[in-house]
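*Asks:* Predicted coordinates and the sequence they were generated for:
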Amino acid sequence: MNSSQAHPPLVVIVGPTAAGKSSLSVFLARAFGGEVVACDSTQLYRGFNIGTAKPSVEERAGVRHHLLDVLDAGEASTAGGYRERALAVLQDLRARGVLPIFTVGTGLYLRALLEGLAPLPQRSEELRARLRAAAAEHGPGHLHEMLERLDPETARQIAATDGQKLIRAIEICLLTEKPVSEIHRQGREPLEGWRVLKLGLRPQRERLNDRIHARTEAMLRAGWLEEVRGLMRQDTGENAKPFDFIGYRELRAHLRGEMTLEAAKQLIQQGTRQYAKRQLTWFRRESSVHWIAGFGDEARTQGQARDWLAENL
């Protein structure tokens with residue numbers, strides 16, 4: 001046995017949204033006595049439940065989940081902050097001899113955990129104000145075009161509608177005079193003391209799109225619009241960061257009278273399909289992933305994942 005094999009295992013499940021990562025993680029946690037750790041920038045926020053596909057209280061029954069509902073709407077979610085929380089969870093799980101099973105929707109957060117983060121400059125409120133003013137003056141797409149000129153690699157990983165991430169990336173480029181992608185490759189402290197086992201879900205594209213459409217309909221039937229209406233009434237208001245998430249911004253626009261519910265639904269489905277495509281592109285670059293062509297709530301997929309994991313634990 002080499003030194004890496006002596007380390008305790010850490011399971012990672014990657015795949016696009018709606019692929020069934022949460023279902024598979026619960027199945028494996030029950031099979032191997034593990035606990036689930038969310039690795040998703042949207043599921044960190046309290047109150048933003050239905051549209052983030054957060055596991056319900058009933059779905060979590062019997063399996064402990066970590067890093068859900070840890071931020072208020074007015075707090076910032078960062079890769080560095082996630083890494084700190086995840087390291088604390090891992091320390092606890094190691095002390096108790098429990099298998100960690102990470103469900104990964106946000107690839108950047110997984111990279112931060114496994115590979116570490118390079119030191120980045122502090123926020124410049126003056127620069128951020130100028131960037132917001134430029135975006136307001138030149139309209140949608142301006143910030144993304146600016147980042148494409150400064151750092152094409154990072155621009156491909158950020159949606160044109162995600163103003164907060166675009167501003168931070170541009171800010172880093174301008175303050176350091178280097179692309180963000182170059183900085184992230186330097187000065188990292190990778191995770192040590194764990195043997196990482198990566199499982200990937202890669203369902204057929206048409207089936208995934210069908211499931212995305214059906215899940216959007218189910219979320220709306222489950223009260224997603226009412227959830228958004230209630231969140232808009234909270235003290236943090238309608239401009240909190242989580243309202244940048246897919247679905248929340250469209251339903252907010254509907255409630256403001258800016259579009260019909262049908263138009264909002266179609267935009268949500270389109271945005272989710274595009275997000276799933278970006279996730280798959282990101283996760284294909286992950287090394288040593290054991291890919292399974294199916295959904296995580298299917299018995300065949302679960303059996304394949306269980307057998308592979310049993311052989312490698």
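*Replies:* Yes, it's here. From a predicted model like this one, the values you see are computed outputs, not experimental measurements.
*Asks:* ok, then the element right after the lowest-mean-pLDDT helix or strand in the chain?
*Replies:* Sorting the helices and strands of the chain by mean pLDDT, DSSP states H and E puts helix 180-184 at the bottom, at a mean of 80. Downstream of helix 180-184, the next assigned helix or strand under DSSP states H and E is strand 195-201.
*Asks:* helices or strands up against that following strand?
*Replies:* If you count contacts as 3 or more C-beta pairs under 8 Å, 6 or more residues apart in numbering; DSSP states H and E, strand 195-201 packs onto strand 9-14, helix 21-32, strand 289-292, helix 299-312. Where you see a C-beta, it was placed from the backbone N, CA and C, and this is true even at glycine.
*Asks:* May I see those arranged in a markdown table, with distance to R252, mean neighbour count and mean pLDDT as well?
*Replies:* Output for the helices and strands packed on strand 195-201, formatted as a markdown table (distance: least, C-beta to C-beta, whole Å; neighbours: other C-beta atoms under 10 Å; pLDDT from 0 to 100):
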| stretch | distance to R252 | mean neighbour count | mean pLDDT |
| --- | --- | --- | --- |
| strand 9-14 | 29 | 24 | 98 |
| helix 21-32 | 25 | 21 | 97 |
| strand 289-292 | 35 | 18 | 98 |
| helix 299-312 | 35 | 14 | 98 |
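*Asks:* out of those, nearest to A159?
*Replies:* Between A159 and those, the shortest gap by C-beta to C-beta is with strand 9-14, which sits at 18.8 Å.
*Asks:* What's the separation between A222 and A79?
*Replies:* Separation of A222 from A79 (C-beta to C-beta, to the nearest Å): 30 Å.
*Asks:* Settle it for me: which of the two has more neighbours?
*Replies:* Taking other C-beta atoms under 10 Å, A222 and A79 do not tie; A79 has more neighbours (17 against 14).
*Asks:* circling back to that earlier point, want to throw the helices and strands packed on strand 195-201 into TSV with distance to A88?
*Replies:* Converted to TSV, the helices and strands packed on strand 195-201 look like this (distance: least, C-beta to C-beta, whole Å):
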stretch	distance to A88
strand 9-14	14
helix 21-32	19
strand 289-292	26
helix 299-312	25
